[in-house]
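Asks: I would like the atomic coordinates for the input below:
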Amino acid sequence: MSSNMCAGHKVSEVLVWVGAINWGLIGFFDFNLVNEVVGSSPSVERVIYGLIGLAALCMLACNNCSMCKGAK
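Replies: The predicted model follows:
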């Protein structure tokens with residue numbers, strides 16, 4: 001994690017890593033970590049996956065963030 005990122009992008013990076021690890025576990029071991037953590041509540045799972053998707057979009061926009069550029 002880069003120290004010159006704003007707080008929003010730091011949180012986004014953590015969420016993207018969680019999503020990547022979860023997909024790796026699903027692909028290699030057929031184990032859904034998000035499902036295990038939230039107790040297979042479909043609505044909570046959807047919210048978490050939605051947040052991970054938004055975090056990925058936020059990371060794509062990281063180069064255009066004025067707060068991150070100001071910290072460099």
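Asks: For the rest of this, base every contact and every neighbour count on C-alpha atoms.
Replies: Noted.
Asks: Name the single longest helix found in the chain.
Replies: helix 7-29 (DSSP state H).
Asks: Quick one: low-confidence residue ranges for this protein.
Replies: Along the chain, segments meeting pLDDT under 70 span 1-3, 63, 69-72.
Asks: Which element, helix or strand, includes Met59?
Replies: helix 42-60 (DSSP states H and E).
Asks: buried residues in stretch 23-34?
Replies: Going by neighbour count (16 or more other Cα atoms under 10 Å), the buried part of stretch 23-34 is Trp23, Asn32, Leu33, Val34.
Asks: Now do the contacts for Ile26.
Replies: Asn32 (Cα atoms under 8 Å, 6 or more residues apart in numbering).
Asks: nearest residue to Met5 other than its sequence neighbours?
Replies: Leaving aside its sequence neighbours, Met5 sits nearest to Cys68 (Cα to Cα, 6 or more residues apart in numbering; 4.8 Å).
Asks: and the angle from the longest helix of the chain to helix 42-60?
Replies: Interaxial angle, helix 7-29 versus helix 42-60 (axes from the mean of the first three to the mean of the last three Cα atoms, to 10 degrees): 120 degrees.
Asks: Next secondary structure element downstream of helix 7-29?
Replies: Past helix 7-29, the next helix or strand by DSSP H and E is helix 33-38.
Asks: Check which helices and strands that following helix sits against.
Replies: helix 7-29, helix 42-60 (3 or more Cα pairs under 8 Å, 6 or more residues apart in numbering; DSSP states H and E).
Asks: on that earlier part again, give me the buried positions along the helix holding Met59.
Replies: In helix 42-60, counting by 16+ other Cα under 10 Å, buried: Glu45, Ile48, Leu51, Ile52, Gly53, Ala55, Ala56, Cys58, Met59.
Asks: and which of the residues you listed is nearest to Val38?
Replies: Glu45 (7.0 Å; Cα to Cα).
Asks: I am finished for the moment; much appreciated.
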